[in-house]
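> Build me a model:
(one chain, ligands or ions: 2)
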Amino acid sequence: VAARPGHPIQPAALYGALRAALPRDAMFTMDAGTLCLQATDQMLYRQPPALFTPLDFGLVGFSYAAGLGVKLACPDRTVVSLMGDGGFGMTASEIGTAVAHGINTVCIVMNNGCWGAEKAYQRDFFDGRYIGADVPNPPYDKLAELYGACGFRVDKAEDIGPTVSAAVSCGKPAIVDIHVDPNALYSFRRDSFKHRDKAAK
Ligand SMILES: Cc1ncc(C[n+]2csc(CCOP(=O)(O)OP(=O)(O)O)c2C)c(N)n1
Ligand SMILES: [Mg+2]
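Ligands and ions are numbered 1, 2, ... in the order given. Below you'll find the predicted structure:
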(Lines give C-alpha, C1' and ligand atoms only; values in the text may rest on other atoms or scores of the structure.)
(Ligands and ions follow the chains in the order given, each with its own letter.)
Protein backbone atom coordinates (compact mmCIF):
# COMPACT_ATOMS: atom_id res chain seq x y z
CA VAL A 1 0.00 0.00 0.00
CA ALA A 2 1.48 3.35 -1.03
CA ALA A 3 1.98 5.73 1.88
CA ARG A 4 -0.43 8.66 1.84
CA PRO A 5 0.68 12.02 3.21
CA GLY A 6 -0.19 12.23 6.90
CA HIS A 7 -1.10 8.54 7.16
CA PRO A 8 -0.19 6.64 9.23
CA ILE A 9 0.24 9.49 11.70
CA GLN A 10 3.77 9.81 13.09
CA PRO A 11 4.21 11.01 16.70
CA ALA A 12 6.14 14.14 15.64
CA ALA A 13 3.30 15.16 13.30
CA LEU A 14 0.80 14.62 16.10
CA TYR A 15 2.73 16.76 18.61
CA GLY A 16 3.20 19.53 16.02
CA ALA A 17 -0.49 19.59 15.19
CA LEU A 18 -1.43 19.67 18.89
CA ARG A 19 0.96 22.58 19.54
CA ALA A 20 -0.64 24.51 16.69
CA ALA A 21 -4.26 23.69 17.58
CA LEU A 22 -4.39 24.06 21.37
CA PRO A 23 -5.07 27.42 23.00
CA ARG A 24 -2.50 29.32 25.08
CA ASP A 25 -4.26 28.56 28.35
CA ALA A 26 -4.06 24.76 27.94
CA MET A 27 -3.16 22.71 31.00
CA PHE A 28 -1.90 19.17 30.36
CA THR A 29 -2.06 15.93 32.28
CA MET A 30 0.23 13.10 31.18
CA ASP A 31 0.37 9.34 31.46
CA ALA A 32 3.32 6.92 31.54
CA GLY A 33 3.19 5.33 28.07
CA THR A 34 5.93 5.93 25.54
CA LEU A 35 3.94 8.46 23.51
CA CYS A 36 3.09 10.51 26.61
CA LEU A 37 6.71 10.41 27.77
CA GLN A 38 7.76 11.92 24.43
CA ALA A 39 4.87 14.39 24.49
CA THR A 40 6.03 15.79 27.84
CA ASP A 41 8.67 17.98 26.22
CA GLN A 42 6.72 18.54 22.99
CA MET A 43 3.75 20.52 24.34
CA LEU A 44 3.83 24.24 25.15
CA TYR A 45 3.25 25.12 28.81
CA ARG A 46 2.55 28.83 28.44
CA GLN A 47 0.58 29.53 31.62
CA PRO A 48 2.08 27.54 34.51
CA PRO A 49 1.03 25.49 36.34
CA ALA A 50 0.24 23.67 33.10
CA LEU A 51 1.95 20.25 33.35
CA PHE A 52 0.69 17.47 35.63
CA THR A 53 2.55 14.18 35.35
CA PRO A 54 2.95 11.00 37.42
CA LEU A 55 6.75 11.31 36.88
CA ASP A 56 8.71 8.48 38.53
CA PHE A 57 5.59 6.89 39.98
CA GLY A 58 5.04 5.97 36.32
CA LEU A 59 1.34 5.37 36.67
CA VAL A 60 -0.42 4.23 33.53
CA GLY A 61 -4.06 5.32 33.87
CA PHE A 62 -3.30 8.52 35.83
CA SER A 63 -3.95 11.16 33.21
CA TYR A 64 -7.69 11.15 32.50
CA ALA A 65 -8.95 11.29 36.09
CA ALA A 66 -6.16 13.72 36.99
CA GLY A 67 -7.46 16.00 34.24
CA LEU A 68 -10.95 15.93 35.75
CA GLY A 69 -9.45 17.12 39.04
CA VAL A 70 -7.44 19.87 37.33
CA LYS A 71 -10.57 21.05 35.52
CA LEU A 72 -12.53 21.25 38.78
CA ALA A 73 -9.72 23.32 40.28
CA CYS A 74 -9.41 25.58 37.18
CA PRO A 75 -12.81 25.53 35.43
CA ASP A 76 -11.98 28.46 33.13
CA ARG A 77 -8.86 26.83 31.65
CA THR A 78 -8.66 24.36 28.75
CA VAL A 79 -7.63 21.02 30.26
CA VAL A 80 -6.11 18.42 27.95
CA SER A 81 -5.40 14.89 29.12
CA LEU A 82 -2.95 12.97 26.95
CA MET A 83 -3.14 9.19 27.21
CA GLY A 84 -2.09 6.01 25.45
CA ASP A 85 -4.82 3.63 24.37
CA GLY A 86 -3.82 1.07 27.00
CA GLY A 87 -3.82 3.61 29.81
CA PHE A 88 -7.12 5.08 28.69
CA GLY A 89 -8.71 1.62 28.72
CA MET A 90 -7.77 1.32 32.41
CA THR A 91 -9.75 4.41 33.32
CA ALA A 92 -12.34 4.97 30.58
CA SER A 93 -15.19 4.44 33.07
CA GLU A 94 -14.38 7.92 34.41
CA ILE A 95 -16.04 9.33 31.27
CA GLY A 96 -19.21 8.66 33.27
CA THR A 97 -17.91 10.88 36.09
CA ALA A 98 -17.11 13.65 33.61
CA VAL A 99 -20.58 13.49 32.05
CA ALA A 100 -22.42 13.25 35.36
CA HIS A 101 -20.68 16.34 36.74
CA GLY A 102 -20.23 18.33 33.50
CA ILE A 103 -16.42 18.28 33.69
CA ASN A 104 -15.49 19.25 30.14
CA THR A 105 -11.91 18.18 29.55
CA VAL A 106 -10.42 17.12 26.22
CA CYS A 107 -8.81 13.69 26.31
CA ILE A 108 -6.42 12.91 23.45
CA VAL A 109 -6.00 9.14 23.14
CA MET A 110 -2.79 8.42 21.23
CA ASN A 111 -3.94 5.07 19.91
CA ASN A 112 -1.24 2.69 18.62
CA GLY A 113 -3.18 -0.48 19.47
CA CYS A 114 -0.54 -1.72 21.90
CA TRP A 115 1.17 -1.34 25.23
CA GLY A 116 3.80 0.53 23.26
CA ALA A 117 6.40 1.08 25.97
CA GLU A 118 6.38 -2.63 26.83
CA LYS A 119 6.16 -3.80 23.22
CA ALA A 120 9.27 -1.78 22.38
CA TYR A 121 11.25 -3.69 25.03
CA GLN A 122 10.03 -6.99 23.61
CA ARG A 123 11.12 -5.87 20.13
CA ASP A 124 14.53 -4.51 21.14
CA PHE A 125 15.60 -6.85 23.94
CA PHE A 126 13.67 -10.09 23.30
CA ASP A 127 14.02 -10.43 19.51
CA GLY A 128 10.44 -9.42 18.80
CA ARG A 129 8.86 -12.29 20.77
CA TYR A 130 5.64 -10.46 21.60
CA ILE A 131 3.52 -11.64 24.52
CA GLY A 132 0.41 -9.71 25.53
CA ALA A 133 1.75 -6.65 23.73
CA ASP A 134 -1.31 -5.61 21.74
CA VAL A 135 -4.48 -4.03 23.17
CA PRO A 136 -7.84 -5.05 21.68
CA ASN A 137 -9.47 -1.62 22.03
CA PRO A 138 -13.11 -0.78 21.46
CA PRO A 139 -13.58 2.37 19.31
CA TYR A 140 -13.06 5.00 21.99
CA ASP A 141 -14.96 7.70 20.06
CA LYS A 142 -18.04 5.48 20.05
CA LEU A 143 -17.55 4.54 23.72
CA ALA A 144 -17.50 8.26 24.55
CA GLU A 145 -20.79 8.79 22.69
CA LEU A 146 -22.40 5.89 24.58
CA TYR A 147 -21.48 7.63 27.85
CA GLY A 148 -23.06 10.89 26.59
CA ALA A 149 -19.74 12.60 25.91
CA CYS A 150 -18.47 13.82 22.51
CA GLY A 151 -16.34 11.31 20.60
CA PHE A 152 -14.01 12.05 17.69
CA ARG A 153 -11.74 9.81 15.62
CA VAL A 154 -8.73 10.91 13.58
CA ASP A 155 -6.67 8.81 11.13
CA LYS A 156 -4.85 11.46 9.07
CA ALA A 157 -2.46 14.14 10.30
CA GLU A 158 -4.24 16.91 8.42
CA ASP A 159 -7.45 16.21 10.37
CA ILE A 160 -5.83 16.59 13.82
CA GLY A 161 -6.03 20.40 14.05
CA PRO A 162 -9.68 20.92 13.04
CA THR A 163 -10.83 17.93 15.11
CA VAL A 164 -8.99 19.01 18.26
CA SER A 165 -10.39 22.55 17.87
CA ALA A 166 -13.90 21.09 17.58
CA ALA A 167 -13.29 19.02 20.73
CA VAL A 168 -12.09 22.08 22.69
CA SER A 169 -15.27 24.01 21.83
CA CYS A 170 -17.87 21.19 21.90
CA GLY A 171 -19.21 22.08 25.36
CA LYS A 172 -19.09 18.50 26.66
CA PRO A 173 -16.45 16.08 27.90
CA ALA A 174 -14.55 15.16 24.72
CA ILE A 175 -12.54 12.10 23.74
CA VAL A 176 -10.38 12.33 20.59
CA ASP A 177 -9.20 8.89 19.48
CA ILE A 178 -6.15 9.55 17.29
CA HIS A 179 -4.77 6.50 15.49
CA VAL A 180 -0.99 6.74 15.21
CA ASP A 181 1.52 4.49 13.45
CA PRO A 182 1.75 1.25 15.51
CA ASN A 183 5.32 0.80 14.28
CA ALA A 184 6.56 4.10 15.72
CA LEU A 185 7.80 2.56 18.99
CA TYR A 186 10.81 3.72 20.96
CA SER A 187 12.49 2.01 23.87
CA PHE A 188 14.31 4.75 25.72
CA ARG A 189 16.39 2.61 28.06
CA ARG A 190 18.71 0.85 25.64
CA ASP A 191 21.66 2.28 27.58
CA SER A 192 20.52 0.69 30.82
CA PHE A 193 21.03 -2.75 29.32
CA LYS A 194 24.67 -2.30 28.24
CA HIS A 195 25.99 -4.06 31.35
CA ARG A 196 23.83 -7.10 30.56
CA ASP A 197 25.20 -7.26 27.00
CA LYS A 198 28.75 -7.32 28.43
CA ALA A 199 27.89 -9.97 31.04
CA ALA A 200 26.47 -12.24 28.33
CA LYS A 201 29.70 -12.14 26.28
C1 LIG B 1 -0.46 1.01 36.78
C2 LIG B 1 0.61 0.60 35.81
N3 LIG B 1 0.56 -0.62 35.23
C4 LIG B 1 1.52 -0.99 34.35
C5 LIG B 1 2.55 -0.15 34.06
C6 LIG B 1 3.65 -0.58 33.07
N7 LIG B 1 3.56 0.17 31.84
C8 LIG B 1 4.36 1.24 31.58
S9 LIG B 1 4.13 1.89 30.08
C10 LIG B 1 2.94 0.74 29.72
C11 LIG B 1 2.27 0.71 28.36
C12 LIG B 1 1.26 1.79 28.21
O13 LIG B 1 0.55 1.61 26.98
P14 LIG B 1 -0.28 2.79 26.40
O15 LIG B 1 -1.04 3.47 27.48
O16 LIG B 1 -1.07 2.30 25.23
O17 LIG B 1 0.82 3.83 25.91
P18 LIG B 1 1.97 3.63 24.78
O19 LIG B 1 3.20 3.12 25.49
O20 LIG B 1 1.44 2.68 23.76
O21 LIG B 1 2.18 5.02 24.25
C22 LIG B 1 2.74 -0.13 30.80
C23 LIG B 1 1.77 -1.25 30.83
C24 LIG B 1 2.59 1.10 34.69
N25 LIG B 1 3.54 1.99 34.44
N26 LIG B 1 1.59 1.46 35.56
MG1 LIG C 1 -0.56 2.32 23.24
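> Met83 touches Ala65, doesn't it?
No. Taking Cβ atoms under 8 Å as the definition, Met83 is not a contact partner of Ala65, at 10.4 Å. Where you see a C-beta, it was placed from the backbone N, CA and C, and this is true even at glycine.
> list residues touching both of these two?
Common contact partners of Met83 and Ala65 (Cβ atoms under 8 Å, 6 or more residues apart in numbering): Thr91.
> the more surrounded of these two?
Taking neighbours as other Cβ atoms under 10 Å, Met83 and Ala65 compare with Met83 leading, 31 against 18.
> which ones are touching that one?
Counting by Cβ under 8 Å, 6+ apart, Met83 has contacts Asp31, Gly33, Cys36, Ser63, Tyr64, Thr91, Cys107, Ile108, Val109, Met110.
> how many other residues sit next to the second one?
Gly33 has 27 neighbours, counted by other Cβ under 10 Å.
> ok, now the last one?
Per other Cβ under 10 Å, the neighbour tally for Met110 reads 28.
> can you redo the contacts of Met83 as CSV with secondary structure and distance to Lys119?
Output for the contacts of Met83, formatted as CSV (DSSP: H, G, I helix; E, B strand; the rest coil; distance: Cβ to Cβ, whole Å):
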residue, secondary structure, distance to Lys119
Asp31, coil, 16
Gly33, coil, 10
Cys36, helix, 15
Ser63, helix, 19
Tyr64, helix, 21
Thr91, helix, 20
Cys107, strand, 22
Ile108, strand, 20
Val109, strand, 17
Met110, strand, 14
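> of these, list those near ligand 1.
Filtering those for neighbours of ligand 1 using Cβ under 6 Å from any ligand atom leaves Asp31, Gly33, Met110.
> Now do the contacts for the nearest residue to Cys170 once chain neighbours are set aside.
Once flanking residues are discounted, Cys170 sits nearest to Cys150: 4.5 Å by Cβ to Cβ, 6 or more residues apart in numbering. Counting by Cβ under 8 Å, 6+ apart, Cys150 makes contact with Ala144, Ala167, Cys170, Lys172, Pro173, Ala174, Ile175.
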